[in-house]
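Engineer: A predicted structure for the sequence below; I have some questions about it.
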Amino acid sequence: MKTLKRILILSLLTGSFIACDNDDDTPVIINEEEVITTMTVTLTPSAGGSAIILKTQDLDGDGPNAPVVTVSGNLAASTVYNGVIELLDELDPNDVEDITEEVKEEDDEHQFFFSATNAIATFDYNDEDDDGNPIGLSFTLTTGASGTGTITVTLVHEPLKNASGVSEGNIENAGGEEDIVATFPVTVQ
Amino acid sequence: MKYYLLIVVLCFTNIMHTQNCTYTLFGEVKDFHDGTPMSGATIYVETLDKYLAADINGKFSIKNLCNGNLILVVSHVGCDTKRLEVNIEGDTYKEINMEHHVEELNEVKISGNAGVRLTKTGQESALKTSDIERFSALNLGDALKQVAGVSSINTGNSIVKPVINGLHSSRISVVTNGVLLQDQEWGIEHAPNIDLNSAGTINVIKGANALAYSGDAIGGVIVMSPSKISRKDSVYGKTIISGQTNGRGYNVTSALTKTWQKGWYISGQASAKRFGDFKAANYNLTNTGVDTKGFNLNTGFKTFEKGFNINYSHLKTEIGILRSAHIGSINDLVDAINNGEPIVIEDFSYDINSPKQEITHQILKAEFYKRFKKFGKLQLQYDFQNNQRFEFDIRRGDDNKPAIDLNLKTHYIKADLKLDAKTETTYNFGIHARYQNNFANPDTGVRRLIPDYDRYDVGAYAISNFILSDNTVLDVGLRYDFNRINAKKWFLESRWEERNYDEDFSDIIIQTDGGQLLVNPEYTFHNVSVSAGIFHKINQLQSVVLNYGLSRRSPNPAELFSDGLHHSAARIELGDLRIEQEKSNRFGATYQFKSSNLSLNVEGFVNYIEDFIQIVPFGTEQTIRGAFPVWNYSQINALLYGVDVTANYKLKQWNINNKTSFIKGRDTNAKIALIDMPAFRTVNAVGYTNKKWLDFNANLESEWVFEQNDYPNFNFETLNPTTQQMVLVDISTPPPAYHLINFRSDITLALSEKTKLNLGFTVFNLFNTSYREYLNRLRYFADDLGRNFMLQIKLNY
């Protein structure tokens, strides 16, 4: 029974081997990097006049809140607009980052795609990367006849820019990953 | 005169000698365990070259001995032969304790580790060394599919997680060389971090009936044991080299062991595996390369009565994940599903780019045991594991910056006591404690998928084994586990409110910063597990096993805390702070038939799991990238049942083998099927063996996996923003049935008395069938592997 006693003591020693909580290391907050919260599409009539702004803003990133989509006004029929896109990361309101610059730096890995329903508008690229492929940060939008419909702007990361139709703005063969997909309800009058 | 003198001197010397050699050695041979005398033991007196036998009471005596050392070699049927030195000083008494539990000595010869059962009343299968070596270039999950009822859940072909009777991840415990693996096993894309080549045998115990290993392994336990060490002066080694066409890569593993008769041993083992892009039947699987390097050092001392073992293993794995599986939005997923082919198909390359995983796992173990006469065996163990996991995504910024950087450190200490003095009734007690710390590095710039946490586990178990009669064995086990989790997690305020945590958990908030909340969830769980089993031998040919297991499993960190977008699945995965333990009641019944040429093993089971934790789609959420399906951890009651059949028929040099598994899983609340249940699978093989042709073996195997018709339909529709049309997102429909033919063949050449060369040739998927597997998470994106020729050279020396 001496053996048993020895074992019991050993067992108790083992059982008491419980470390204590250490509460002093608080994890550092992470503000998600590389998030795009806001896309602002500014459409300025080429003939002059006040700009129309299409904006989508999702301040909690991948969180549960849906993006807020706003359209500042109606577009005029049969008009050419110069489009410029600005991307922001506003997750941390005290440290707003301009993502447009990042996209410009990696312009061969990014491309915007535009589409409209009910033939309310057509689109043409106005910029190109070093390989001569379109990017879409700058573009022209030409409205058709009056009507209502939607305009969808998609940003694809690492698209296959040389795939068939992609440089003409056809998203079908683009592959890659969609970083932004925003649909704006638009009235042309 | 001279001669006379010489004769006198000689006589005198002789007389002197005889005068001193009148002593007697009285010996008694006893069983080490219970002290019973061992009649019929043979005693060879090496110094006198003389044989004698112990009487019915285990006693013997050797007369006319001189003072000094006497070397005895004692042997007994079923015992390990013992060589000992006895110091004779006058009439001497010596008690010799013999060990008749030879199987527990594990001193089986290296060449043929037959696979010893670890439980008597469990549903258990063992893979022997040669079964493991064939899979040297593959993964644990692949090798285990040789067991009926074991399938795998994959992310591509290199991340393979074993599934036992439909259950996987945290519901399975993997034990390697006595260490319970702690390697972030909660994730489906986290394969067990072990080198298959370090195992000599693998045992699979279905259900939570192996309480000595873990209490929460509702699915089962996988026990990998190193090759046995024999106690003799010897040096031996093994090298396996294999090359294969698919992936255009190689696998090398080599082991060298030195043993001493006194009981010391040292061994080293190292493996390296390198593959480039694998190939499906019709296209390259771009970015699926693998680079693995590992080594294992083992040393110690081992005798029957005491011993120790120190083991260190290091494994570094880099696995590329199919490039086309990285997607940004639900539209990308719809495109992938509808395309039928991956979007990115490039030329073959050995490069491993993002997305990829890089995991390093280290294990340090120290173990000590001592046997006490007429009592049992005490074993003490400490182990430390360090798991470092990096996952790299395709990022707009720096691809070389990991998106996931988790470090999991685990300390474990255990004491185990086995009372086996009586053969008919043995008891096994154990207590253990574990401390675990998870650290999620904030430098990733990506919000943590799993938060920082400390986890404390303390537990105790008692298992007893009763031999009721010659034909009946009863096992009963009881285990208690205490778990405590102390986590610190940042939540998005919007998520906190969406989950209604603000109502239930407002008291755990410790800090608020820029739209995020730092909370300190703490959990305490008490788990009681019970196991009982009975084995009965009906006659020489037939036997039955019945067993029952009750076990509880505490939720893992993923189930509690998951919070974020999963790029490879285009889904938002959410844990739930309210998740509680799940409770499993499992009944198993086995029928075994074994004659000289036919063996049959039928295992049935029913597993009812209360509060079964599962992740299923539950709605969609809008982000700037469009809609994402939200997958939510939730609890339901689940019923799983199935039958696994293994049959083998031998006829002269031929043998026919069948392995079939059938399983159903139901959600009894919603009355629908459970997600991710393996489909009906049957594997039939014909083998031919001829010893005369250089030990020739050939085996033709047909693997037929049916379509899973019983699946929950979580398909939904989403708006295609370009066309403004609703499209179906078919994430549920399982792929069609598939049938693969595999062939393997090998010969063995004896290069010298001690050196054997085995040459093996294997073809997987002989007809280059293109197929997809329901339990492969990349089935939306690409086909499974196409044909693969493999050549393996195995050298034992």
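Structural biologist: Sure thing, it's come through. Quick caveat, the model's predicted, so the values are computed rather than measured. Residues are numbered from 1 along each chain as shown, chains lettered A, B, ... in the order given.
Engineer: any weak-confidence spans in the stretch 201-350 of chain B?
Structural biologist: In the prediction, the stretch 201-350 of chain B carries no residues with pLDDT under 70.
Engineer: so what's whichever residue of it sits closest to chain A up against?
Structural biologist: The nearest approach of the stretch 201-350 of chain B to chain A comes at residue B:328, 2.9 Å away (Cβ to the nearest Cβ). Glycine gets a C-beta too; all of them are placed from N, C-alpha and C. Residues in contact with residue B:328 (Cβ atoms under 8 Å, 6 or more residues apart in numbering or on different chains) are A:156-157, A:176-179, B:567, B:570, B:625.
Engineer: at 7 Å instead, please
Structural biologist: For residue B:328, the contact set (Cβ atoms under 7 Å, 6 or more residues apart in numbering or on different chains) comprises A:157, A:177-179, B:625.
Engineer: please name the nearest non-neighbouring residue to it.
Structural biologist: Spatially, and ignoring its direct neighbours in sequence, residue B:328 is nearest to residue A:177 (2.9 Å; Cβ to Cβ, 6 or more residues apart in numbering or on different chains).
Engineer: swap in residue A:98?
Structural biologist: Using Cβ to Cβ, 6+ apart and skipping the chain neighbours, the partner closest in space to residue A:98 is residue A:88 (6.2 Å).
Engineer: check residue B:210 too.
Structural biologist: Spatial nearest neighbour of residue B:210, excluding adjacent residues (Cβ to Cβ, 6+ apart): residue B:221 at 4.5 Å.
Engineer: what sits against that neighbour?
Structural biologist: Contact analysis of residue B:221 by Cβ under 7 Å, 6+ apart lists B:173, B:175, B:205, B:210, B:213-214.
Engineer: tell me what the residue nearest the centre of chain B is bridged to.
Structural biologist: When Cα atoms, centre = their mean is applied to chain B, the residue found nearest the centroid is residue B:222 (3.3 Å). For residue B:222, the beta-bridge partners are residue B:174, residue B:204 (DSSP bridges).
Engineer: surely it touches residue B:199?
Structural biologist: No: using Cβ atoms under 7 Å, residue B:222 is not in contact with residue B:199, being 9.8 Å away.
Engineer: need the helices for the chain, in chain order.
Structural biologist: Looking at chain A here, since you left the chain open. For chain A, helices defined by DSSP state H occupy the ranges A:2-15, A:99-105.
Engineer: that answer is for a different chain, and I need it for chain B
Structural biologist: Secondary structure of chain B (DSSP H): helices located at B:2-20, B:102-105, B:129-133, B:140-144, B:330-339, B:493-498, B:501-504, B:557-561.
Engineer: could you tell me the least trusted of the ones you listed?
Structural biologist: Ranked by mean pLDDT, the helices of chain B bottom out at helix B:102-105, which scores a mean of 42.
Engineer: domain ranges for chain B?
Structural biologist: Per automatic domain parsing, the structural domains of chain B span B:2-100, B:106-221, B:222-796.
Engineer: so can I have a markdown table of those domains showing distance to residue A:113?
Structural biologist: What follows is the domains of chain B, written out as a markdown table (distance: least, Cβ to Cβ, whole Å):
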| stretch | distance to residue A:113 |
| --- | --- |
| domain B:2-100 | 76 |
| domain B:106-221 | 29 |
| domain B:222-796 | 7 |
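Engineer: deepest-packed of those domains, please.
Structural biologist: Stretch with highest mean neighbour count among the domains of chain B: domain B:106-221 (a mean of 23; mean count of other Cβ atoms under 10 Å in any protein chain shown).
Engineer: tell me how far that one is from the chain's mean position?
Structural biologist: 3 Å (Cα atoms, centre = their mean, to the nearest Å).
Engineer: show me which residues of the stretch 651-797 of chain B are close to chain A?
Structural biologist: Residues of the stretch 651-797 of chain B lying close to chain A by Cβ under 7 Å from any Cβ of the partner chain are B:721-722, B:724.
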